[in-house]
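J.: Build me a model:
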Amino acid sequence: MSEVARTPAQIEAEITRRRQELAATLDELAVRVHPVTIARDSKAKAVSALDRTVGQAYVAANRALARARAEFVTEDGAPRPERIVPAALAAVAVVAVVAGLSYRRRRR
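T.: Now for the predicted structure:
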């Protein structure tokens with residue numbers, strides 16, 4: 001329809017419709033810039049980022065654990081003594097050194 005062919009009632013209806021659209025837009029903007037909304041959105045983003053980071057850390061730890069387990073156990077679950085014994089001896093040596101240093105410090 002052209003501007004000339006519109007009736008006053010059509011123009012008033014168009015003005016009313018645009019006012020309602022503008023009011024809805026202003027209400028939406030007011031909600032978006034409200035401090036509570038901004039804080040809630042920021043908190044949701046932070047929680048989402050933390051969840052994502054924790055999930056990635058869990059997956060990485062699970063992969064590392066699976067790789068470490070594969071070093072000491074065969075695929076069918078049998079232990080690998082040729083790898084377990086040296087690792088156990090190294091752990092005992094580390095504990096002995098730490099205990100010796102701790103004992104030495106206490107005696108001073």
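J.: residues in contact with stretch 83-97?
T.: Identification of contacts with stretch 83-97 by CB atoms under 8 Å, 6 or more residues apart in numbering yields Glu71, Phe72. For glycine as for every other residue, the C-beta is placed from the backbone atoms N, C-alpha and C.
J.: Return the distance of that stretch from the chain's centre.
T.: In terms of CA atoms, centre = their mean, to the nearest Å, the centre of stretch 83-97 is found 37 Å from the chain centre.
J.: Tell me the secondary structure at the residue nearest to the spatial centre of the chain.
T.: In the chain, the centroid-proximal residue (CA atoms, centre = their mean) is Arg52; its distance is 2.2 Å. Of the three states, Arg52 takes helix according to DSSP: H, G, I helix; E, B strand; the rest coil.
J.: and Ala87, backbone torsions?
T.: Main-chain torsions, Ala87, degrees, to the nearest 10: phi -70, psi -40.
J.: what do you get for the one 10 residues further on?
T.: Note on Val97: backbone dihedrals following degrees, to the nearest 10 are phi -60, psi -50.
J.: what does Pro79 give?
T.: phi -70, psi 150.
J.: again, but for Thr7
T.: Dihedral angles (degrees, to the nearest 10) for Thr7: phi -90, psi 160.
J.: Roughly how far does it sit from Glu75?
T.: 84 Å (CB to CB, to the nearest Å).
J.: Please identify which of these two sits among more neighbours.
T.: Neighbour count, other CB atoms under 10 Å: between Thr7 and Glu75, Thr7 has more, with 9 against 6.
J.: Could you tell me the per-residue confidence at that one?
T.: What the model reports as pLDDT for Thr7 is 93.
J.: ok, now Pro79?
T.: 91.
J.: cool, Met1 as well?
T.: Met1 is given a pLDDT of 48.
J.: same thing with Ala24?
T.: Taking Ala24 on its own, its pLDDT is 95.
J.: low pLDDT regions in this structure?
T.: By pLDDT under 70, the low-scoring segments of the chain are 1-3.
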